[in-house]
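S.K.: Provided below for reference: sequence and predicted model.
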Amino acid sequence: MSFDAALLEEALATLGEVLDARGHRFEVVAVGGGGLLLLRVIERPTKDLDLVGVLTPAGLVSAEPLPAELVSACRDVAAPLGLAPDWINPGPTQLLDLGLPHGFLARVSKRTFGGLVVHLAARFDQIHFKLYAAVDQGPRSKHFQDLLKLAPTPDELVAAARWARTHDPSDAFREMLLQALQALGVEVPDDL
């Protein structure tokens with residue numbers, strides 16, 4: 001089942017209450033469509049909330065695997081709300097392995113839901129992630145449409161393109177990236 005912003009908010013509030021009642025507290029970092037729904041950038045439904053990492057006293061660590069207590073609470077919340085058991089998942093955690101945009105954590109916004117704190121990737125960083133995904137999945141993808149909703153400037157797109165090249169330096173990706181930038185009306189610098 002997909003959810004809109006209202007259902008996502010309800011699910012997170014319920015999850016936060018469950019975690020609180022069980023004596024647990026987690027801080028997670030969300031990216032993607034679920035994060036954009038919470039920021040009210042998009043209105044399209046999404047199936048999940050993608051986590052790139054978990055904030056610990058030691059810093060941001062991979063969301064793979066998610067802490068067992070968080071997984072258990074997510075499953076307990078999913079059933080009554082009609083959500084998939086993995087409605088919160090570590091799908092994009094490989095972004096952390098390859099490197100987030102410089103200054104990423106300083107730009108996140110924070111939402112607290114009882115025992116759950118969700119740090120949402122900022123618009124600038126979402127532009128990076130959405131351009132990277134749009135290049136892979138093409139101009140008809142939800143990622144490309146999300147990117148358009150973010151209304152990136154040419155400078156933001158060039159910064160995102162430079163970051164994306166650190167994740168995929170292949171010639172094939174570069175060619176697709178250049179085509180995407182041209183489709184977005186961006187004058188491509190020679191050094192990209």
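M.R.: Structure received. Numbers count the residues shown, from 1 in each chain.
S.K.: Identify the residue nearest Met70 in space, chain neighbours excluded?
M.R.: I think there's a mix-up here, since residue 70 is Leu and not Met. In space, and not counting its chain neighbours, Leu70 is closest to Phe26: 5.2 Å by Cβ to Cβ, 6 or more residues apart in numbering. Heads up, the C-betas are built off the backbone N, CA and C, glycines and all.
S.K.: Hmm, Gly53 and that neighbour touching each other?
M.R.: No - here Phe26 does not reach Gly53: they are 11.2 Å apart, not a contact under Cβ atoms under 8 Å.
S.K.: Give me the more crowded residue out of the two.
M.R.: Higher neighbour count among Phe26 and Gly53: Gly53, with 25 against 20, using other Cβ atoms under 10 Å.
S.K.: ok, what's across the strand from the more buried one?
M.R.: Counting by DSSP bridges, Gly53 is bridged to Val29, Ser62.
S.K.: Domain map for the chain?
M.R.: 5-121, 124-183 (automatic domain parsing).
S.K.: what sits against Val41?
M.R.: Going by Cβ atoms under 8 Å, 6 or more residues apart in numbering, Val41 touches Arg123, Gln126, Asp146, Lys149, Leu150.
S.K.: mind listing which of these are in helices?
M.R.: Within these, residues falling in helices by DSSP state H are Arg123, Gln126, Asp146, Lys149.
S.K.: most neighbours, which of those?
M.R.: The most crowded member of the ones in helices among the contacts of Val41, judged by other Cβ under 10 Å, is Gln126 (26 neighbours).
S.K.: give me the number of residues near the nearest residue to His167 once chain neighbours are set aside?
M.R.: Spatially, and ignoring its direct neighbours in sequence, His167 is nearest to Leu98 (4.8 Å; Cβ to Cβ, 6+ apart). Neighbour count of Leu98, defined by other Cβ under 10 Å: 11.
S.K.: Many thanks, have a good one.
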